[in-house]
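Visitor: Just to be clear, the model below is a prediction. Sequence and coordinates:
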Amino acid sequence: MPPGAVIAVGGHESDGGRALRELLGPGVSVVSRGRELLRRVVASRGRGEPVCVVPMTLGRDPELTADAARTLLALSAAEREETVLADPFGTTGHLVGWLRAAAGRVPAEAALLITAPCGDPFVDADLFRVARLVRQYGHHHTVEVAFDGGDPDPAEGVRRCRALGSRQVVLVPAAWTACELPDPRLAEHAGPLLPASAVAGVLDARVREAWQRRRASGDDGVARGLTAAHDHGHGHSHGPSDGHGHSHGHGHPHPPAAHPHGPHSHGPVTGAHGHPPATGSRTASAHATSAPGPAPRDGPPGERPHAPAPVRVPGHPAPAPHGHGATPVPSSGRSLR
């Protein structure tokens, strides 16, 4: 692991970091979010140590990363000079893979009960999606979810598994903590989600990646961390009748996008995004190429030309728009001569 202080910040998945203290080595400081994190970073920087902060989420606490980034914004310029924020320990994609690996150690005829501490409604709902993927790509017919301190709780989860015909129920944690067995006669623990060696390997990789980005591009990870929870919670969308002409700005910087992307605004009715042309680019934004529709009559060179507009004859009705060669329909009381 690179030299300097490594500070692991825990959230609800690790009981505020308490479940991590025995799992991580002595060279890693474990703190809870907010003031404890800030005090530990300031103390380490005061001793002249470079600091790497790692949000220890398994994918169910995106707000932990954003909160750590906001905390680091409170540092002075000198303190931020050698402080970086690593990517979160895991994502929901990692969590699916880790749970599948843990499920591989459980007999196929047993029911899997995936457990985790209760979070907010959105992360709890997402755990059902994770469990569905574990079942889809695994060998267990019954995969259920239960929340420690939530609904359904582990006791209810065990009852559901047994009601579905499973005689053996194995609890697999989707967190750093393992819930208490509701009845040892009816269920058993599968053990920790990750062994200590795997945790150390992933943590080392996150720290190395963070310092490599800093040396390569000066990126300290804070701007990217601030956006970690942008897709979490209620979506912000505009339906057909909710048109408005405002643009969405943010009070913090965003990391570079994969392509030039300027400010955008929502159209008055459809909610479609309008993008200004990219300065100095050879082509317009890729968004402009995806919407089919009729070409303008006087379009740019290279487009298929439209038929010339018909000549209006005095005393005759105007042709119907977009007729493209159709015979004009006479108006009432008139005939074509």
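Guide: Perfect, I can see it now. Residues are numbered from 1 along each chain as shown.

Visitor: okay, CA-based contacts and neighbour counts for the rest of this
Guide: Noted.

Visitor: Report the mean confidence score over the longest helix seen in the chain.
Guide: Longest helix in the chain, counting residues (DSSP state H): helix 196-217. When pLDDT is averaged over helix 196-217, the result is 96.

Visitor: secondary structure class for residue 107?
Guide: Following DSSP: H, G, I helix; E, B strand; the rest coil, we place residue 107 in the coil state.

Visitor: give me every residue that touches it.
Guide: With contact set as Cα atoms under 8 Å, 6 or more residues apart in numbering, residue 107 has no partners.

Visitor: Run me through the strand neighbours of whichever strand or helix holds residue 188, direction for each.
Guide: Following DSSP states H and E, one finds residue 188 within strand 187-189. If you go by DSSP bridges, strand 187-189 pairs up with strand 169-173 (parallel).

Visitor: residue contacts, residue 179?
Guide: 115, 116, 117, 148, 154, 173.

Visitor: try it again with 10 Å
Guide: 115-117, 146-149, 153-154, 171-173, 189 (Cα atoms under 10 Å, 6 or more residues apart in numbering).

Visitor: Mark which of these are buried, thanks.
Guide: Buried members of the contacts of residue 179, scored by 16 or more other Cα atoms under 10 Å, are 115, 116, 117, 146, 147, 148, 153, 154, 171, 172, 173, 189.

Visitor: can those go into TSV with extra columns for distance to residue 58 and pLDDT?
Guide: Shown next, in TSV, are those (distance: Cα to Cα, whole Å; pLDDT from 0 to 100):
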residue	distance to residue 58	pLDDT
115	13	98
116	11	97
117	12	96
146	17	98
147	15	97
148	16	95
153	20	97
154	20	97
171	17	98
172	14	98
173	11	98
189	19	97
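
Visitor: List just the nearest of these to residue 75.
Guide: Residue 75 has its nearest neighbour among those in residue 117, at 31.3 Å by Cα to Cα.

Visitor: where does the residue lying closest to the closest one once chain neighbours are set aside fall, phi/psi-wise?
Guide: Leaving aside its chain neighbours, residue 117 sits nearest to residue 148 (4.6 Å; criterion: Cα to Cα, 6 or more residues apart in numbering). In terms of degrees, to the nearest 10, the main-chain angles of residue 148 are phi -70, psi 110.

Visitor: how near is residue 148 to residue 155?
Guide: Between residue 148 and residue 155 the computed distance is 10 Å (Cα to Cα, to the nearest Å).

Visitor: what touches both of those two?
Guide: Jointly contacting residue 148 and residue 155 under the rule Cα under 10 Å, 6+ apart are residue 180.

Visitor: Quick check: closest non-adjacent residue to residue 128.
Guide: residue 145 (6.6 Å).
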